[in-house]
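J.: Provide a 3D model corresponding to the input given below.
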Amino acid sequence: MSLTYVYLLLFFVLMIGAYFLPYRKIKDKVFKKLIYKDPATSTYLKYSHGKLMIEAERSGSDTWKIVVPAAWNADQSAIVKLIVRLSDLVIVSRISNAKDEKKYGIGSKEIIEIFYGNKSIVIKFGHEVEGSEMIYLNVESSDNDVLMVSNSIRSHFPRSAEDFVNLNIFNVSYEDVKMVESVFNNTTYLISKQSNGWLLRGNMLLEDKGRAIVDKIISIRASAIVDDKIKLSPKPEGSITIKLFKKSYTRYFFVGKDDTHYFVPMSGSILVVDRTVKDLFEDK
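T.: The predicted structure follows:
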């Protein structure tokens with residue numbers, strides 16, 4: 001064996017040692033992602049904090065549905081943002097075998113469970129780290145260590161079930177709308193798309209003016225959601241029908257709730273909408 005070969009071998013051994021020794025010291029300790037999972041493979045989310053519990057499951061490739069506390073349409077953006085942000089979290093520091101120490105409060109705050117396929121990851125949050133913008137947590141399915149991550153994750157947590165619910169009445173795009181018809185107080189309102197604009201009460205509106213009207217209608221949003229066990233009046237006070245170019249249509253009925261709100265029954269839930277919605281169809 002030549003002297004040059006020996007020197008080269010020693011050099012590589014030293015380089016490997018220099019690389020792996022400090023790596024082993026910090027491996028799993030700092031600067032590691034909290035979750036090594038593709039957010040797109042998530043199939044189920046459970047969030048709980050005190051009496052608040054929300055469960056959502058993916059139905060289809062990119063659609064989420066609320067299943068607890070009731071069967072509601074989910075706010076896709078809110079759920080996806082939370083899952084993606086969790087996947088982006090970096091562990092800043094780690095305290096070994098400390099999850100049961102009361103000073104960290106693990107499990108006393110929010111608890112999130114996410115399924116990726118058949119595998120579940122449970123994250124239990126604790127107190128905020130005093131004097132920093134960090135928060136304590138433990139990944140229950142991993143080990144007993146207390147981890148510290150950015151407290152900014154809490155900005156994506158729901159304060160109520162409604163924060164994860166899709167409160168939009170019509171989930172359609174302006175480009176797909178062919179006609180809007182409403183009936184309130186026995187008065188019918190109809191605006192329909194034409195090749196050169198929108199036709200409203202015999203008058204032709206330019207594209208920008210017609211769009212302003214249609215956008216307001218399809219952007220109607222509820223203020224709250226309730227379950228479907230409420231007894232509703234059999235006679236609605238109004239209705240809005242939106243017909244699409246794809247020959248399908250969506251119609252919702254507006255039932256009297258009180259002097260300021262309507263009930264709008266939907267599959268699995270009832271939305272509460274301000275009565276000012278009928279003003280969109282007056283003096284146009």
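J.: which residues touch F281?
T.: Under the criterion of CB atoms under 8 Å, 6 or more residues apart in numbering, the contact list for F281 reads 182, 184, 187, 189. Every residue, glycine included, has its C-beta placed from N, CA and C.
J.: what's around the second one, how many residues?
T.: Translated: F184. With neighbours defined by other CB atoms under 10 Å, the count for F184 comes to 21.
J.: now swap in the third one and tell me
T.: The local packing of T187 (other CB under 10 Å) involves 11 other residues.
J.: nearest spatial neighbour of it, skipping sequence neighbours?
T.: Nearest residue to T187, sequence neighbours excluded (CB to CB, 6 or more residues apart in numbering): F281, at 7.6 Å.
J.: Looking at that neighbour now. What's its pLDDT?
T.: Here, the pLDDT recorded for F281 equals 88.
J.: what do you get for E140?
T.: In this prediction, E140 carries a pLDDT score of 87.
J.: Can you pull out the low-pLDDT segments for the protein?
T.: Applying pLDDT under 70 to the predicted model, the residue ranges of the chain that meet it are 1-31, 227-228, 268, 283-284.
J.: Point to the residue nearest the middle of it.
T.: When the chain is reduced to its mean C-alpha position, the closest residue under CA atoms, centre = their mean turns out to be A78, at 1.9 Å.
J.: isn't it right next to F164, touching?
T.: Yes: the criterion here is CB atoms under 8 Å, and A78 meets it with F164 at 5.4 Å.
J.: First-to-last residue distance for stretch 191-210?
T.: Separation of the first and last residues of stretch 191-210 by CA to CA, to the nearest Å is 8 Å.
J.: intersection of neighbour lists for A78 and F164?
T.: Taking CB under 8 Å, 6+ apart as the contact definition, A78 and F164 share the neighbouring residues P158.
J.: I79 is in contact with D62, correct?
T.: No: in this structure, D62 is not within contact of I79 by CB under 8 Å, at 10.8 Å.
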